[in-house]
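Peer 1: Predicted model follows, preceded by the sequence.
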Number of protein chains: 8
Amino acid sequence: MDEKKLSELLDRFRAGELSRDDIIGHLRGLPFEDLSFAKVDHHRALRWGFPEVIFCRGKRPDQVALIAQQIHATGGNLLATRATPEMYEAVRERLPEATFDEIAGTISCASAPPDPLPGRCLIITAGTSDLPVAHEARETARMLGLDASLIADVGVAGIHRVLHFREELEAAAVIIVIAGMEGALPSVVAGLVTAPVIAVPTSIGYGTSFGGVTALLGMLNSCVPGTAVMNIDNGFGAAFLAFRIISTQKRIGRTQ
Amino acid sequence: MDEKKLSELLDRFRAGELSRDDIIGHLRGLPFEDLSFAKVDHHRALRWGFPEVIFCRGKRPDQVALIAQQIHATGGNLLATRATPEMYEAVRERLPEATFDEIAGTISCASAPPDPLPGRCLIITAGTSDLPVAHEARETARMLGLDASLIADVGVAGIHRVLHFREELEAAAVIIVIAGMEGALPSVVAGLVTAPVIAVPTSIGYGTSFGGVTALLGMLNSCVPGTAVMNIDNGFGAAFLAFRIISTQKRIGRTQ
Amino acid sequence: MDEKKLSELLDRFRAGELSRDDIIGHLRGLPFEDLSFAKVDHHRALRWGFPEVIFCRGKRPDQVALIAQQIHATGGNLLATRATPEMYEAVRERLPEATFDEIAGTISCASAPPDPLPGRCLIITAGTSDLPVAHEARETARMLGLDASLIADVGVAGIHRVLHFREELEAAAVIIVIAGMEGALPSVVAGLVTAPVIAVPTSIGYGTSFGGVTALLGMLNSCVPGTAVMNIDNGFGAAFLAFRIISTQKRIGRTQ
Amino acid sequence: MDEKKLSELLDRFRAGELSRDDIIGHLRGLPFEDLSFAKVDHHRALRWGFPEVIFCRGKRPDQVALIAQQIHATGGNLLATRATPEMYEAVRERLPEATFDEIAGTISCASAPPDPLPGRCLIITAGTSDLPVAHEARETARMLGLDASLIADVGVAGIHRVLHFREELEAAAVIIVIAGMEGALPSVVAGLVTAPVIAVPTSIGYGTSFGGVTALLGMLNSCVPGTAVMNIDNGFGAAFLAFRIISTQKRIGRTQ
Amino acid sequence: MDEKKLSELLDRFRAGELSRDDIIGHLRGLPFEDLSFAKVDHHRALRWGFPEVIFCRGKRPDQVALIAQQIHATGGNLLATRATPEMYEAVRERLPEATFDEIAGTISCASAPPDPLPGRCLIITAGTSDLPVAHEARETARMLGLDASLIADVGVAGIHRVLHFREELEAAAVIIVIAGMEGALPSVVAGLVTAPVIAVPTSIGYGTSFGGVTALLGMLNSCVPGTAVMNIDNGFGAAFLAFRIISTQKRIGRTQ
Amino acid sequence: MDEKKLSELLDRFRAGELSRDDIIGHLRGLPFEDLSFAKVDHHRALRWGFPEVIFCRGKRPDQVALIAQQIHATGGNLLATRATPEMYEAVRERLPEATFDEIAGTISCASAPPDPLPGRCLIITAGTSDLPVAHEARETARMLGLDASLIADVGVAGIHRVLHFREELEAAAVIIVIAGMEGALPSVVAGLVTAPVIAVPTSIGYGTSFGGVTALLGMLNSCVPGTAVMNIDNGFGAAFLAFRIISTQKRIGRTQ
Amino acid sequence: MDEKKLSELLDRFRAGELSRDDIIGHLRGLPFEDLSFAKVDHHRALRWGFPEVIFCRGKRPDQVALIAQQIHATGGNLLATRATPEMYEAVRERLPEATFDEIAGTISCASAPPDPLPGRCLIITAGTSDLPVAHEARETARMLGLDASLIADVGVAGIHRVLHFREELEAAAVIIVIAGMEGALPSVVAGLVTAPVIAVPTSIGYGTSFGGVTALLGMLNSCVPGTAVMNIDNGFGAAFLAFRIISTQKRIGRTQ
Amino acid sequence: MDEKKLSELLDRFRAGELSRDDIIGHLRGLPFEDLSFAKVDHHRALRWGFPEVIFCRGKRPDQVALIAQQIHATGGNLLATRATPEMYEAVRERLPEATFDEIAGTISCASAPPDPLPGRCLIITAGTSDLPVAHEARETARMLGLDASLIADVGVAGIHRVLHFREELEAAAVIIVIAGMEGALPSVVAGLVTAPVIAVPTSIGYGTSFGGVTALLGMLNSCVPGTAVMNIDNGFGAAFLAFRIISTQKRIGRTQ
């Protein structure tokens, strides 16, 4: 039935009765494939410009592998986050071309490379311990077509380190700042640039860092306005927000 | 001395030795005016494209008025948030042309209207009690040159209300979603659109709403990736982030 | 002595001096069997319509097995929750007919199948990671005679997924909604139906999900009135509340 | 247009082409009236069997009065909770027949008395200080057609007080238990009955009662399964859940 | 030097110049033995009527054994709490007569049995999972000379279980009530008796039990006055308070 | 009926068939007087040796006065805590002999002076700001027949102040230690004496004192075993616990 | 008696049998004056080099005045913090020479000006709203003999503002950094200097600033080591720590 | 280039055009060595008088070893905290002369012994379980040139233990007080001395010690003014603060 409806739509599209946007608009409303324990939502690729990403924590390796295969089978690009080596092994058995970033804990498998988006997405971290989150952000950003680069270990303890990269900061279209402990780096960075700053607190620290809550609170209370705050360790979400910002830029730019 | 240096720079600029960007780059590094109890930072207008905004809470009416006058005297556009009617009276004595939005608690005084920016900034609220925060966001957005509009009271209790505005949501360049209680609206909205969604929790609710903390936590833990979260009741910051997103768009677009 | 009293009651019952309700009323007050480290309360079956359920966490496998045997010996239906495979092994040595649901972590042993109750108890989850809690609810519901069915992975990120099951939602007598992260699904579901909605937060998530506290707070602060909230991961309690609702229905209905 | 559609539906209904349920089903999907700062949702009366209730906190008296008038004008029954005497005055100017329960803080105005529902809804409180919440629950329950009665001040400090009302407890179709401080009463009550128990923590107490959080936590962690927990002081929500339970009972009973 | 001073005191005591109480009073002020990493305070036996108890958590087995030996060498009675089997092995190598209560995690070694104190110290638990804490309390109480007995698994879910032991409750000189989850049992018990009730919250529960915090808060907010609350899982402290109460009784009684 | 039963009991008592303890035992089980919004429990005087105390917060002056009159009418001794001057005025209109302690906020009216109990109840405070709580404890203690005295402002900042009162501390049968801020005084006191120490945290302090939570936590985690902890500012409960301890002492002493 | 002892000491001092340090050492152990509700500790001036400071919150104006008079009468320098204008009026009636800093809320009355101490104590604030705490610190510092100066409003939003004062920062012997919101300024300052940095969080902010807790946590988790953290708004304590540091410096310096 | 600049500076220094302070001032501003995942900041040795310390948690052994080698290669003294034996093994492979303190978890490697600083840094702990933190402080202090000594296990439970060390306390230039549980020791110590007291809460305790939060809160709320508080278990930071205090002393002293 859905296929019938889709056929009609496509015929009308070829006949010029519908624009491509009309087709996409219709497709966004179509139902999703039922996979018993997980509804794979292939149309999300159309709605969000990207397939459903697998958040691996709390799933078994075989569940991850099955969902990965399902996504890949429909031609989608696959990204799995918070994956363990065991999960990667389970996925690789079904998708030998899948790759694994060990620091990030991400499994990637791009059927078709994403369209490159304009504007640099700069990722900077306050310390070396923040690297896993930064890698998750970078891997996600690249799978989304962003031009992402990473500068590590430029915390506010040595403010001249931050100032050293002032040019890179000013050139970026969006900046993801990743910090644990007191989470002060986003305030300093956002005070230096006009671009949107996405702050990601990390669970780095001890005692009253409370697993990242202190960094999170510091970022939410930044004295510099216009900083976007993410959940603790959410490098994936930060990259996705960068993607929303830059792809909207492109869309708005097109319509101007 | 600074003036001398500035004169030199401007002379060299007129002589073609320096570009306009060179001038701006130099100006960004210049010091700030000393006002004893508050350092007014006129160059922030150059660095951020906007003068220093006065956060009124914890200041006395006469302090607010003095800072306002100082900003205005240098030709800057003035925005004061969380202002009381008493503060407005104190400002109006010095700046009769200042206006007051009672719901937002904002004082505005635009010496020169800001350049209009492309792309709609849509503000939606879950309930009518969220309006003060929404007004703060709208007033700020307008002072920053954004094309801001507001849709109120479309909470998830009646999901058809949200779907009713689907077209408006899809057309926006950036969406500010303001909600108290369980803070679920940003998830639903972000699931419907590709544009960046800025979520602002409000202190609306009672008991375990904990003055907006519950809404904040809900937003930070959204199952839809790419939502930017702000501090509780921070309509100003949300608008400023929208400004960063859209103005960077324009800047990046220019260089493409 | 209690037995003597019971004999007398039963004789008077046979003689028509007491109704069946009188007998049940008397039995409810009788004491419980003493098992040294645990008081097994066989009369709870009469008071609640179900024997004491074993909450396994914090007990040793041999303790679980001993209590299980004691319950089974008196002809009761057995349900043990949060059981490990080791506990199941210990129980199976004494009760070979006991079964184990690995996802739910429940041990069941029904001496006599419970009377089926009218009305569908629908269990839905926001994600696949919520399945263990959903299975615990389903296994419990079935041991209590409820007609329970499960729909998984219909979170608010894709609101059309929820709307897709609107008919099933409207047909249910009671709906158990299980969600982690921001816990927004119960609000959306409760906004669509008139039936009682039982919301179960799960410990799924990371960072500020705080082991399910965020989902719990979201549910307690739902903007839709009339949602019953359970402790985190308490699938058992949710099913028990569904049982209380539906069995009371039957009882009240009988007396109308 | 909607009216046209509605006319058609009703004509087809009169012609026997559509059942009453069909009509109701269609109406549930219709849009809502736009009131600028608040979307009044008259169809909620059909979807939930009751009009939108006004939660007054955070609204101005004139806003409350305007929404009240709007609801009344469409023939709906009005309930406003957490209302101040000032709000009542504003409402009474527009709706002279509205009444005010001072302890509950509720404004009521029933255009048409609701259909009485079968089954007693028993409300009990642990102390006299819990009365405002109990009154809110009772007023709401009555506006919803429930047969509600109230027993006050039977806390667990004197367990014989609770046992004194054992018959009333066993006869109820649903029991709302309202308690502050340690919030232990719902556990004791739920241990005595089979009916669903709705536990409402109150903000009564001092020091570590944390404005009701301690009572809430006690209720969420009840050792007796099947207790529905509400937000702190949420007497309205408790009554609404009782309404969902009893009205579903009736609906399910009808279809058996 | 101290020995010289002690000799003098004792000589004067034998000469009748000083009473026994004078001697004890002097001894209380004497310094302590230095053991490099732990100051063993043998005079605490005089000040408190009991030697220093070893809290084993955070100590290494060899440290525990060394302190144990030191205490034993001076003729003191030894009690070590929160001990692991490994620690017991280390102690037993030096003190073969030491015994281990596996459930309590206590190591005991009584050089001289303590004087029996009058009055029953009754320990009751709400569930079987509370037994480790109850055993720690019982072992401590016995080492202190108290007449301690234990009743397990009489939670408020079945209030008749509690009432069943009413006589035992009324006969006790002090009652230690141990409960996890909502921690309601102390309120019910304290409402039934005049004796002091010592409430010990346990870390039993899940989700919002927060490792015993909920039970603790419930106990602190008991609606029955005069309940002494201890830290979570602190069976040792509860027994010590019982000892302070009963031994003071004896002392005061003596002076009446 | 109850009266008839009571008459029978008393006749049998006069006839020597029942002891006085038998009578008291029976009376403890009798029901309570119904006062609509508050169940006055006159038998509590028998069960606890004291009438129901009125906790005034959250009650209206007229409610307080009505309950006070009811208690007084049955010959009970009255104590009302957390009373405002307005409440006292309302009570005095009905009970002219009632007295008011302004610092404590207690209303007292002793129909018959309580029997004096042996053993000193010493109350000490860390600072002068703790006096309201100390007065509440002292007034309560006196109404319960305790020999209570008060030493104020001996905090640990000057440890010699504490040591100065060492004799008074050692002579007491029970010590109530009242402290805000870091709440360290109970540890120091409990380290000096064998008597039971009742620790009452107060809401004195600022910033991270969190309204007394810090003092409470300090007391719960005392390194000295056997300290009884009360809710924040609960001077009444501390005195009641002292009463339970000393009256039980007397009871146990009698039976030895 | 104490006077007698003091006389003896002084005679022996004049006779050369005791050094001045011996006298001071003895005086430190002498008791304190009893003022019923407050123990005034005149010897603290000797032990700490400063009289007891009155923390006014929670005290009545007349209590403040009485303590002030008592301190003044013994020739001590008086400092009262968190004082209201009413308290100042009460004090001024008894001590006309007392002065009041309205921003700081401090009452001062120096009988003898304190000895000036070497080394600059620099106080800097992140915003103008932090001024009350900064004034409290400055007033306290001056009463303690410190050379204190204040720089206001140099938050990290404009990092060049901080760098502008680099010379002042490097010249200071101790730096008190006062900041609310995210509390990042102490990290940046401590990264620039070798001197000890005392960080004081303020309750400035809104929403998740949680009354200064966020700033406090940021300071405790500073990525720059060696920052001393104070309680929220504790300007007094910060100055006192500065005094301890600088006076010890002097003492150590003298003995080198 | 930097080397060239450095050469120039040094030449000018030799020529007397620049003072040594000028050189140091210039060096402080020079950039840092880029090590890809970690910016090693060799100039920190100049700015702070000490090289960058490696905080090992969250780093891999090979990362620790690489940074250690890099620091050592430039002639710096190395200190690594929170190191595991595995990390030490990795470091020792590259730096055979590195030593490991097992209790402290610190790796040290001093190329050149630091200049000894005047004034005793006294470290005292409340219990034996606090020793790891005390060792971290002592190791750090020694690497910084401080004269550090340690007294363990002198908690407030036996106040005479503390008073026993009064002379040592009064002689110290700075005192680091380490305590878990209720964290009361710093208050008592700070009340006895004039020197600055650095309070370090430890994660020692159970239940409501909340991993050291209770001790931290107790220290922040000390009734004795002028106590510096550190993050939980932060022995390193405490030693660093002691270093800042004492080295500034020396610097200020020099300039007097």
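Peer 2: Yep, it's here. Residues are numbered from 1 along each chain as shown, chains lettered A, B, ... in the order given.
Peer 1: so A:Ile204 touches A:Glu182, yeah?
Peer 2: No - under the criterion of Cβ atoms under 8 Å, A:Ile204 is not in contact with A:Glu182, lying 10.9 Å apart. Heads up, the C-betas are built off the backbone N, CA and C, glycines and all.
Peer 1: who has more neighbours, those two?
Peer 2: Shown here are A:Ile204 and A:Glu182; by other Cβ atoms under 10 Å in any protein chain shown, A:Glu182 has more neighbours (33 against 30).
Peer 1: quick one on the thing from earlier: shared neighbours, A:Ile204 and A:Glu182?
Peer 2: Common neighbours of A:Ile204 and A:Glu182, counting by Cβ atoms under 8 Å, 6 or more residues apart in numbering or on different chains, are A:Ala215.
Peer 1: Walking through the stretch 151-256 of chain A, point out its helices one by one.
Peer 2: For the stretch 151-256 of chain A, the helices defined by DSSP state H, counting those that start in this stretch cover A:159-164, A:166-171, A:185-192, A:213-220, A:235-255.
Peer 1: Find the closest residue to chain C in chain A.
Peer 2: A:Ile232 (3.0 Å; Cβ to the nearest Cβ).
Peer 1: Would you mind telling me which of the helices of the stretch 151-256 of chain A is nearest chain H?
Peer 2: helix A:159-164 (5.8 Å).
Peer 1: packing partners for that closest one?
Peer 2: Applying 3 or more Cβ pairs under 8 Å, 6 or more residues apart in numbering or on different chains; DSSP states H and E, one finds that helix A:159-164 makes contact with helix A:185-192, helix G:159-164, helix G:185-192.
Peer 1: Can you point out the buried residues in it?
Peer 2: Using 16 or more other Cβ atoms under 10 Å in any protein chain shown as the test for burial, helix A:159-164 gives A:159-162, A:164.
Peer 1: With stretch A:116-136 instead?
Peer 2: Of all the residues in stretch A:116-136, those buried under the rule 16+ other Cβ under 10 Å are A:117-136.
Peer 1: Okay, now that stretch: how far is its last residue from its first?
Peer 2: End-to-end distance for stretch A:116-136, by Cα to Cα, to the nearest Å: 19 Å.
Peer 1: Any part of that stretch near chain C?
Peer 2: No - using Cβ under 8 Å from any Cβ of the partner chain, stretch A:116-136 stays clear of chain C, coming no nearer than 10.6 Å.
Peer 1: what about that stretch, distance to the chain center?
Peer 2: Offset of stretch A:116-136 from its chain centre (Cα atoms, centre = their mean, to the nearest Å): 11 Å.
Peer 1: And for stretch A:85-98?
Peer 2: Computed by Cα atoms, centre = their mean, the separation of stretch A:85-98 from the middle of its chain amounts to 21 Å.
Peer 1: Check stretch A:91-106 too.
Peer 2: Offset of stretch A:91-106 from its chain centre (Cα atoms, centre = their mean): 17 Å.
Peer 1: which sections of the stretch 101-250 of chain A are below the confidence cut-off?
Peer 2: Residues of the stretch 101-250 of chain A that meet the criterion pLDDT under 70 lie in A:249-250.
Peer 1: these two touch, right, the residue of chain A closest to chain C and C:Phe210?
Peer 2: No - under the criterion of Cβ under 8 Å, A:Ile232 makes no contact with C:Phe210, lying 10.2 Å away.
Peer 1: okay, these two: which has more neighbours?
Peer 2: The residue with more neighbours, out of A:Ile232 and C:Phe210 and counting by other Cβ under 10 Å, is A:Ile232; that gives 23 against 18.
Peer 1: so what's the residue of chain A at minimum distance from chain F closest to, chain neighbours aside?
Peer 2: Residue nearest to chain F within chain A: A:Thr208 (11.0 Å; Cβ to the nearest Cβ). In this structure, A:Thr208 finds its nearest non-sequential neighbour in G:Leu220, 4.8 Å apart by Cβ to Cβ, 6 or more residues apart in numbering or on different chains.
Peer 1: If you drop the residues flanking it in sequence, what lies closest to the residue of the stretch 151-256 of chain A found nearest chain G?
Peer 2: Here the stretch 151-256 of chain A gets closest to chain G at one residue, A:Ala184, 3.4 Å apart by Cβ to the nearest Cβ. Closest residue to A:Ala184 apart from its sequence neighbours, by Cβ to Cβ, 6+ apart: G:Ala184 at 3.4 Å.
Peer 1: Quick check on that neighbour: phi, psi?
Peer 2: phi -90, psi -20 (degrees, to the nearest 10).
Peer 1: and it, what does it touch?
Peer 2: G:Ala184 makes contact with A:156, A:182, A:184, A:187-188, A:218, A:223, G:156, G:218, according to Cβ under 8 Å, 6+ apart.
Peer 1: just these now: which is nearest F:Val197?
Peer 2: Among the contacts of G:Ala184, G:Gly218 lies closest to F:Val197 (Cβ to Cβ), at 37.4 Å.
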